[in-house]
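Peer 1: I would like to see how this sequence folds:
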Amino acid sequence: MPFDPNASFGKSLFFGEILEDQLFPYPEMTRDQAELVAPICETIDRYMGGIDSRKLDREGEFPPEVLQSLREIGLFGLIVPEEHGGLGLSNSGYARVMQQVSMYDVSIAVTLGAHSSIGFKGLLLFGNEAQKRRYLPKLATGETIAAFCLTEPGSGSDAFSIKTSARRDGDFYILNGQKLWITNGGIADFYTVFAKTTPDTPEQKGKITAFIVTRDLGGITHGPHEDKMGIRASNTTAVYFDNVRVPAANVLGEVGKGFKVAMSILNHGRTGLGAGAVGGQRRLLQLAIAHATERKQFGRPLTSFSKIKEKLGRMATNLYVSESLCYIVSSTIDRGGLDYSVEGAATKVFNSEAVWNASDGALQIAGGMGYMREQPYEQAVRDARINRIFEGTNEILRQYIGLTGLQKPGEYLKGFGKELASSLTDPIKGFGLLRDYAVRKARQSVPMQAVPYGRTPQITKAHPELQEQVIYVEDAVQSLAAVAESALRKHGRNIVEQQLLVGRIADIAIDLLALCAALARTTRIIEKRGLEKAKNELSMTYTFYSDARTRIRSNLRGSTGRNNDDAIQHVADAAVAAGGYQNDFMK
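Peer 2: Numbering: from 1, shown residues only. Here you go, the predicted structure:
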């Protein structure tokens, strides 16, 4: 079966299906894109090598000449189509460039990402031709910098609770409200703003609409630059809109469909964030290796000790898997894929946690030296921490992954029950439904080790050297589908309130997605280089498989009720009631 743009590899896992052609063969960047990206990365190496990242961090802002130099080397126009003055990079090309920038300075990467990944992404996805002709040329040169305005003081993950309003007044909308923690907020002239165009009522929340809002409309101010824990040089401010008269022609997409616009932007934007996390891991691994090679203890370099090797090996493995996930998602978009929301969210969760663990591991290898401000590690830890919060907290994204994945099995079970009841008077139809259901259940219960006498394999394109991992993935996907069905039968619509259960189900899916991406990539590498020259990739794949298998086993057990969920929530309730923990030792 060829690549299906409407299919989602991630969602299908919850239904016990592995859409092999969505992954195999593992994608490669086209030659023309590779030839375009290579000199950009070389330019970044030359330019960013001269950036004093520690100075930017200490001062907490960009000097004007830094922003100007970013304009001059074309980094604001990476994804703007060539006909509008940009470089026209594919999503994979953009991810590769963002990876390179993030190796040097995360504040710069965040500034560029907030501009391209989310700031004007809505214009690319939903803008009409007139809007694109008007705004994209200046966005491409960086003469105009973009920002994404969704979060408010009382609205974070719950986008429908925003208070910013846009009231229709003839050919204009009157925009009022404030947005919080807006990256590029103080330096942008182009804002993608989300506002309520109908009021909230007791029965339902008001409709959200997306707008292009430019500073020259007047009535736009911003607060002071926030003093942040990390990514300190990136510009983060509150933005205020006071009776801004926004032309009705500046609506992005359809009136009242702004939530869809926001989610589409964020789904795309996570590609850039995931790529940035890859670049961060690459730099941290280099730092850790350099230190462990030079530092000697007991007359031996640190690299000779097994515990240090374990840390370095796991950092390298997670980097390999993070990169594998990143380019699966970006290439899906490039190939015209329409449904990659689960894959994108999973990549953001996995990669943001991988770079956080890498920053902690690199600092730990450096020991006491790593804790000193003169070394790069403490800044790396501070900079890495935001990734688990940016563009949807990982807790919210786990709920999104789990509930989105459960939607298809839920619809199937609901439809199956109705169809079977209505077909009892038609034995032939009823038998067909029961047969389809029995096939699914048999697939879940027959282990792959029984092949060829059991179920038909769903992964046939992986290299034979990876057969152990393939068999495991086949079985684990069926276990995920069985747990999903069991959870839906037990909780029904109340599944949305079972956050710990949904989180475990999501974690199983994330690990399976990551493992599948690694299998596809390693297969391609073996086919290109041969087994002998792919030993390291095989070792990384096996290492990740072994770690993921342990986590999946634990999450499957926890999903069937063998967990401490009730106990830990009771402890939390007691702590909240007491305002903390009451120590009675001295009583």
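
Peer 1: Pull the residues that contact stretch 460-472.
Peer 2: 20, 24-25, 448-449, 457, 459, 515, 519-520, 522-523, 526-527, 531, 538, 541-542, 545, 549 (CB atoms under 8 Å, 6 or more residues apart in numbering). All C-beta atoms are positioned from the backbone trio N, CA, C, and that covers glycine.

Peer 1: Okay, and Arg373 sits in which element?
Peer 2: Arg373 belongs to no helix or strand when assigned by DSSP states H and E.

Peer 1: picking up where we left off before, so of the contacts of stretch 460-472, which ones are in helices?
Peer 2: Counting by DSSP state H, those place Leu515, Leu519, Ala520, Thr522, Thr523, Ile526, Glu527, Leu538, Thr541, Tyr542, Tyr545, Arg549 in helices.

Peer 1: circling back: buried ones only from the contacts of stretch 460-472, please, as a PyMOL command.
Peer 2: A single PyMOL command selects the buried members of those (16 or more other CB atoms under 10 Å):
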select buried, resi 20+24+448+457+459+515+519+520+522+523+526+538+541+542+545+549
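
Peer 1: right, and the helix or strand after the helix or strand of the chain with the lowest mean pLDDT?
Peer 2: None of the helices or strands of the chain scores lower by mean pLDDT, DSSP states H and E than helix 427-445, at a mean of 45. The first helix or strand that comes after helix 427-445 along the chain, using DSSP H and E, is helix 467-491.

Peer 1: could you give me the average pLDDT of that next one?
Peer 2: Helix 467-491 shows a mean pLDDT of 95.

Peer 1: And for stretch 113-120?
Peer 2: 96.

Peer 1: Same question for stretch 178-194.
Peer 2: Averaging pLDDT along stretch 178-194 gives 97.

Peer 1: got it, and stretch 338-358?
Peer 2: Averaged across stretch 338-358, the pLDDT comes to 96.

Peer 1: for that stretch, which positions count as buried?
Peer 2: 339-358.

Peer 1: Also stretch 238-258?
Peer 2: Quick answer for stretch 238-258 (16+ other CB under 10 Å): 238-241, 244, 246, 250-253, 255, 257-258.

Peer 1: Mark which of those residues are part of strands, please.
Peer 2: Among these, DSSP state E puts Ala238, Val239, Tyr240, Phe241, Val244, Val246, Val251, Leu252 in strands.

Peer 1: In a markdown table, list those along with distance to Ile220 and pLDDT.
Peer 2: Formatted as a markdown table, those follow (distance: CB to CB, whole Å; pLDDT from 0 to 100):
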| residue | distance to Ile220 | pLDDT |
| --- | --- | --- |
| Ala238 | 12 | 97 |
| Val239 | 7 | 98 |
| Tyr240 | 7 | 98 |
| Phe241 | 6 | 98 |
| Val244 | 6 | 98 |
| Val246 | 10 | 98 |
| Val251 | 18 | 98 |
| Leu252 | 17 | 97 |
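
Peer 1: which among those residues gets closest to Gly230?
Peer 2: Relative to Gly230, the closest of those is Ala238; by CB to CB it sits at 18.9 Å.

Peer 1: Enumerate every residue touching the closest residue to that closest one other than its chain neighbours.
Peer 2: In this structure, Ala238 finds its nearest non-sequential neighbour in Gly223, 3.8 Å apart by CB to CB, 6 or more residues apart in numbering. Shown in contact with Gly223 (CB under 8 Å, 6+ apart): Gly185, Thr237, Ala238, Val239, Tyr240.

Peer 1: Can you give me the separation between the residue nearest to the second one when sequence neighbours are not counted and Ala114?
Peer 2: The spatially closest residue to Thr237, leaving aside those adjacent along the chain, is Gly185, at 3.7 Å (CB to CB, 6+ apart). Spatial separation of Gly185 from Ala114 under the definition CB to CB, to the nearest Å is 9 Å.

Peer 1: joint contacts of these two?
Peer 2: Residues touching both Gly185 and Ala114 (CB under 8 Å, 6+ apart) are Ala147.

Peer 1: Check which helix or strand the spatially closest residue to Tyr371 that is not a sequence neighbour maps to.
Peer 2: Take Tyr371 and drop its neighbours on the chain: the residue closest to it by CB to CB, 6+ apart is Glu378, 6.5 Å away. Here Glu378, judged by DSSP H and E, is contained in helix 377-385.

Peer 1: hey, where'd the strands end up in the chain?
Peer 2: For the chain, the strands defined by DSSP E cover 146-149, 165-169, 172-183, 190-196, 208-214, 220-222, 236-247, 251-252, 296-297, 300-301.

Peer 1: can you list contacts of the fifth one?
Peer 2: Strand 208-214 is contacted from outside by 122-123, 126-127, 131, 135, 144, 149, 159-160, 162, 166, 173, 175, 189-197, 220, 241, 244, 246, 250-253, 255-259, 261-262, using CB under 8 Å, 6+ apart.

Peer 1: quick one: contacts for the residue nearest to Tyr371?
Peer 2: Residues near Glu378 by CB under 8 Å, 6+ apart: Leu363, Gly370, Tyr371, Met372.

Peer 1: From Arg382, how far out is the first one?
Peer 2: To tie it back to what came earlier, the one meant is Leu363. Distance, Leu363 to Arg382, by CB to CB: 11 Å.

Peer 1: Which of those two has more residues huddled nearby?
Peer 2: Neighbours per residue (other CB atoms under 10 Å) separate Leu363 from Arg382, with Leu363 holding more: 21 against 17.

Peer 1: residues in contact with that one?
Peer 2: Residues in contact with Leu363 (CB under 8 Å, 6+ apart) are Gly370, Tyr371, Tyr377, Glu378, Ala380, Val381.
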